[in-house]
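Asks: predicted model and sequence below, questions to follow.
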Amino acid sequence: MQHNEITPYKDGSSKKQQVRSMFDNIARRYDLLNRLLTGGIDTKWRKITVKHALKSKPKIILDIATGTGDIAILLARNAPDCQITALDLSEKMLELARVKSQKRSLATQITFLQGDSENLPFDDNTYDAITVAFGVRNFENTMRGLEEARRVLKPGGQMNILEFSRPTTSPFKQLYLLYFRHILPVIGKLTSKDKRAYSYLFESSQAFPDGTEFVNLMRQAGFTDTFHQSLTFGICTLYSGKK
């Protein structure tokens, strides 16, 4: 089964509608769950992504699928002269992101917008850099999302994608599968009251075309200078490509 066909619920609505509902449902516990479920290592992955994104000293950045704004806030803290637009499908997630940015006095630097990553409301050649953390596997149409991102990038601009991947070495592979398949959904249910959301996390990460397979998708979408970097035994991967 292709990852586009993996949906949070089985209610007949579009993947996009289901993803929005799921994140609205788990928004209040999302940050806590991320820290619990990854042992806090997701913060390290985000820092690596931001460091890589800022290498080319971009001034105008788009953060797609921003969620509660962690990447956008890290970008703003590490590059005070940047202007950041942060977009997400879920208004509930964005409400939390706005509060977080205001508490850190970053509200003038980050603009949070409710919107669709596959139909970006921006002109061609607008952004110096684009970041996406744990959002691409939620796209309804992956190629459409990648092509839209490339469209709004300036020539020479870089896209950086952080996404879950599948470890391939034993015994880490077996431990990972045990944890994601059996333990994570239980923790998710106990803390967020939405067991399906965390079963979906496992299913969508397993079906996602990771490694060179995803790099090939980026190339098909028109990205050049592509590369990928495996993080933490392959649990996560950073992908990059230029327009």
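Replies: Happy to help now that I have it.

Asks: okay, and the beta partners of the closest residue to residue 56 other than its chain neighbours?
Replies: Counting by C-beta to C-beta, 6 or more residues apart in numbering, the nearest residue to residue 56 once its immediate chain neighbours are dropped is residue 158, at 6.0 Å. All C-beta atoms are positioned from the backbone trio N, CA, C, and that covers glycine. Beta-bridge partners recorded for residue 158 (DSSP bridges): residue 129, residue 242.

Asks: near residue 158, how many other residues are there?
Replies: Residues contacting residue 158 under the criterion other C-beta atoms under 10 Å number 22.

Asks: that one and residue 242 touch, don't they?
Replies: Yes. Residue 158 sits in contact with residue 242 when judged by C-beta atoms under 8 Å, with a separation of 5.1 Å.

Asks: hmm, back to that, so what's the residue nearest to residue 56 up against?
Replies: For residue 158, the set of contacting residues under the criterion of C-beta atoms under 8 Å, 6 or more residues apart in numbering consists of 53, 56, 58, 129-130, 240-243.

Asks: can I get those in a markdown table with distance to residue 179, neighbour count and pLDDT?
Replies: Converted to a markdown table, the contacts of residue 158 look like this (distance: C-beta to C-beta, whole Å; neighbours: other C-beta atoms under 10 Å; pLDDT from 0 to 100):
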| residue | distance to residue 179 | neighbour count | pLDDT |
| --- | --- | --- | --- |
| 53 | 29 | 27 | 98 |
| 56 | 36 | 12 | 96 |
| 58 | 36 | 22 | 98 |
| 129 | 33 | 27 | 98 |
| 130 | 31 | 27 | 98 |
| 240 | 28 | 20 | 98 |
| 241 | 30 | 26 | 98 |
| 242 | 35 | 18 | 98 |
| 243 | 37 | 21 | 98 |
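
Asks: looking at the residues you listed, which is nearest residue 46?
Replies: Minimum separation from residue 46 among those (C-beta to C-beta) is found for residue 53, which lies at 10.4 Å.

Asks: thinking that closest one is in contact with residue 127, fair?
Replies: No. Under the contact definition of C-beta under 8 Å, residue 53 does not touch residue 127, with a separation of 11.0 Å.

Asks: identify the contacts common to those two.
Replies: With contacts taken as C-beta under 8 Å, 6+ apart, the residues that reach both residue 53 and residue 127 are residue 61.

Asks: average pLDDT across stretch 86-106?
Replies: Averaged across stretch 86-106, pLDDT comes to 97.

Asks: relative to residue 182, how far out is residue 40?
Replies: As defined by C-beta to C-beta, to the nearest Å, residue 40 lies at a distance of 21 Å from residue 182.

Asks: immediately after the helix or strand bottoming out on mean pLDDT in the chain, which helix or strand?
Replies: Ranked by mean pLDDT, DSSP states H and E, the helix or strand of the chain with the weakest confidence is helix 184-192, at a mean of 72. Per DSSP states H and E, the first helix or strand lying C-terminal to helix 184-192 is helix 195-207.
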